[in-house]
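Asks: got a structure for you, letters missing:
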């Protein structure tokens, strides 16, 4: 059997601005108003380091950030 990877699944709350994006709305028809919008990813990096890369714009989603109100 091959070597198993060491990956983490992480969830980041997205800015509410994503709700103004046509593509997001179209791709998430079951979104329930008032629920958080989240990004789910996997990474071989420590989740804190991966989040820092998102915030720095490195391989990032434009709506990942700390200001989610």
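Replies: That came through, no problem. The structure displayed is predicted, hence computed values, not measured ones.
Asks: which SSE is the most centrally placed residue in the chain in?
Replies: Centroid check for the chain by C-alpha atoms, centre = their mean gives residue 39 as the closest residue, at 2.5 Å. Assigned by DSSP states H and E, residue 39 falls within strand 38-43.
Asks: That strand pairs with which strands, and in what direction?
Replies: Next to strand 38-43 in the sheet, as set by DSSP bridges, lie strand 8-13 (antiparallel).
Asks: Buried residues, the strand it pairs with. List them.
Replies: Neighbour-count burial for strand 8-13 flags 10, 12-13 (criterion: 16 or more other C-beta atoms under 10 Å). Heads up, the C-betas are built off the backbone N, CA and C, glycines and all.
Asks: I'd like to know how many residues surround residue 7.
Replies: 11 (other C-beta atoms under 10 Å).
Asks: Pull the contacting residues for it.
Replies: Applying C-beta atoms under 8 Å, 6 or more residues apart in numbering to residue 7 gives the contacts 42-44.
Asks: quick one: low-confidence ranges for this structure?
Replies: 1-4, 61-69 (pLDDT under 70).
Asks: at 90 instead, please
Replies: Filtered on pLDDT under 90, the chain yields the residue ranges 1-18, 21, 23-29, 38-43, 45-69.
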